[in-house]
Each structure stands twice: as C-alpha cells, then as structure tokens.
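Enquirer: below is the sequence, then the predicted model.
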Amino acid sequence: NAGVTQTPKFQVLKTGQSMTLQCAQDMNHEYMSWYRQDPGMGLRLIHYSVGAGITDQGEVPNGYNVSRSTTEDFPLRLLSAAPSQTSVYFCASSRDSSATNEKLFFGSGTQLSVL
Amino acid sequence: DAKTTQPNSMESNEEEPVHLPCNHSTISGTDYIHWYRQLPSQGPEYVIHGLTSNVNNRMASLAIAEDRKSSTLILHRATLRDAAVYYCILSPLHSGTYKYIFGTGTRLKVLA
C-alpha cells in the first residue's frame, strides 16, 4: 500500500526560485493538506482541500499556492522561494474532512532548504 | 479552540510501561482526544483516539480522566522503536481534520 507519497524527499533552492512539491494519495481520500515543521516546533497547517476543486488557507498560507484538480493529487507551489521557507513539509490526507474522529495519514516529508 | 499541555520530554527504560500525560482542562463535551506520534525523520502516525471511555489497540492504551480534563497514553512495554515525539490533539465536533492542531508534543527517550 503506497498511502501518501511525497516527492522529492530533499530539495535545495536559491532565493527567488520557484518549485512544486508533489503529494499523491491512493486511498480515495476526500481531505488533503500541507503542513510545515520547523526545528523544535509543531506542525503548522499551510493549505488544505476538502475535495477536488476546493481549497482553503490554513495558519501560514503566505508564499504558497495550491490546487486540487483530482482527488489523488495536491501539489504545493512556492512561487518565489525565501529562506524563511526552509522547513520540512508534510502532506496529509483523511477519508472524510468533516468527521471529528478521522485518522490523518501523513507522507514521509520533503526537506526543503532555501539559500 | 481547546488547547493541550504536555511535558516537553520524558525518559523510560526499555520494556517498562510508559505513561504520557496530557492536560486539556478547557475540553468541551464533544471534543475527541487523539494521539499521534512522530518517529525520527518520518511524518506523524496515528496512535489512538477516544471520547469518554478508555480505549485499547495494538499500539497503546488511552486512559481518559472521568472529568475529561486530562488523559494518559500508555505504552505497556516500551521498546527502542517507541522513541518518538508524541502529540495529544483535541478535535472539536464538526470541525474536521483541518482543525487538528499539533503542538510541540512530548519527546520520549527510551533507554536500553
């Protein structure tokens, strides 16, 4: 079972470059989201989606764009990378976005460094 | 949203039980209590969740205080593979998984 797959695992960017972090899930989950985790801190929600064509902002959305054209994929775009975006990024999904007792399934993360 | 308070770190000896506490004094009657853990260099993974009654699964047990203002995650026999950061999370009714707030958690160190 693949679950939630993130690519790439590591990425180094120069300030001002753009890139897309990929996230795919094969569980037909309705809900998908992106978190970032900085050293010594918990996970902070960047953007989330409750279904294809529907996205919304989380706690720290500035500098990131998302779209959800299919149920399976939820890419995260950095339009102009900044050193403050150096972090580990996690994608997560769950079956039902509206239930309170759903399990979140996480990918293994992307380590991004912006120089 | 109701918040949780956990110790920053704990230590345990291998093969001994571990009790990881979580305080949530402002919990409302319909909030679920969830626990996740994050192994080194991995994403968080689900451990257990409950509402009012104690819960058991193959990974752990969840003991919920009668007034629900605190809960304890119990690992019955800690192994070196249980060394991780453990997060206690509340999920309000009708809020969905996008309202899961991951604090800094408790870093569990297991001593051989």
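Expert: Looks like it arrived, so ask away.

Enquirer: what number of residues lie near the residue in chain A positioned nearest to chain B?
Expert: Of all residues in chain A, A:Phe106 sits closest to chain B, at 3.0 Å by C-beta to the nearest C-beta. Backbone N, C-alpha and C define where each C-beta goes, glycine included. For A:Phe106, the count of nearby residues is 22 (other C-beta atoms under 10 Å in any protein chain shown).

Enquirer: give me the three-state assignment for the spatially closest residue to it that is not a sequence neighbour.
Expert: In this structure, A:Phe106 finds its nearest non-sequential neighbour in B:Gly43, 3.0 Å apart by C-beta to C-beta, 6 or more residues apart in numbering or on different chains. When classified by DSSP: H, G, I helix; E, B strand; the rest coil, B:Gly43 comes out as coil.

Enquirer: looking at B:Gly43 now. What's its pLDDT?
Expert: Per-residue pLDDT puts B:Gly43 at 94.

Enquirer: low-confidence ranges, the chain, go.
Expert: Picked chain A for this. A:1, A:99-100 (pLDDT under 70).

Enquirer: try chain B instead
Expert: In chain B, residues with pLDDT under 70: B:1-2, B:93-98.

Enquirer: the strands in the chain, which residues?
Expert: Since no chain was named, I'll use chain A. With DSSP state E as the criterion, chain A has strands at A:4-7, A:10-13, A:19-25, A:31-37, A:43-51, A:54-57, A:64-66, A:76-78, A:87-94, A:105-106, A:110-114.

Enquirer: wait, I meant chain B there
Expert: Under DSSP E, chain B gives strands at B:9-13, B:18-23, B:32-38, B:45-50, B:55-56, B:61-64, B:70-75, B:84-91, B:106-111.

Enquirer: and those as CSV, adding mean neighbour count?
Expert: Compiled in CSV, those are given as follows (neighbours: other C-beta atoms under 10 Å in any protein chain shown):
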stretch, mean neighbour count
strand B:9-13, 14
strand B:18-23, 18
strand B:32-38, 23
strand B:45-50, 18
strand B:55-56, 15
strand B:61-64, 19
strand B:70-75, 20
strand B:84-91, 23
strand B:106-111, 17
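
Enquirer: could you export those as JSON lines, including distance to A:Gly3?
Expert: As requested, the strands of chain B are exported to JSON lines (distance: least, C-beta to C-beta, whole Å):
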{"stretch": "strand B:9-13", "distance to A:Gly3": "29"}
{"stretch": "strand B:18-23", "distance to A:Gly3": "25"}
{"stretch": "strand B:32-38", "distance to A:Gly3": "15"}
{"stretch": "strand B:45-50", "distance to A:Gly3": "10"}
{"stretch": "strand B:55-56", "distance to A:Gly3": "23"}
{"stretch": "strand B:61-64", "distance to A:Gly3": "24"}
{"stretch": "strand B:70-75", "distance to A:Gly3": "23"}
{"stretch": "strand B:84-91", "distance to A:Gly3": "18"}
{"stretch": "strand B:106-111", "distance to A:Gly3": "24"}
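
Enquirer: could those strands be laid out in a markdown table, adding distance to chain A?
Expert: Formatted as a markdown table, these follow (distance: least, C-beta to the nearest C-beta, whole Å):
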| stretch | distance to chain A |
| --- | --- |
| strand B:9-13 | 12 |
| strand B:18-23 | 14 |
| strand B:32-38 | 5 |
| strand B:45-50 | 4 |
| strand B:55-56 | 11 |
| strand B:61-64 | 13 |
| strand B:70-75 | 15 |
| strand B:84-91 | 4 |
| strand B:106-111 | 10 |
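
Enquirer: A:Pro8 is nearest to which of the ones you listed?
Expert: In terms of C-beta to C-beta, the element of those nearest to A:Pro8 is strand B:32-38, at 20.2 Å.
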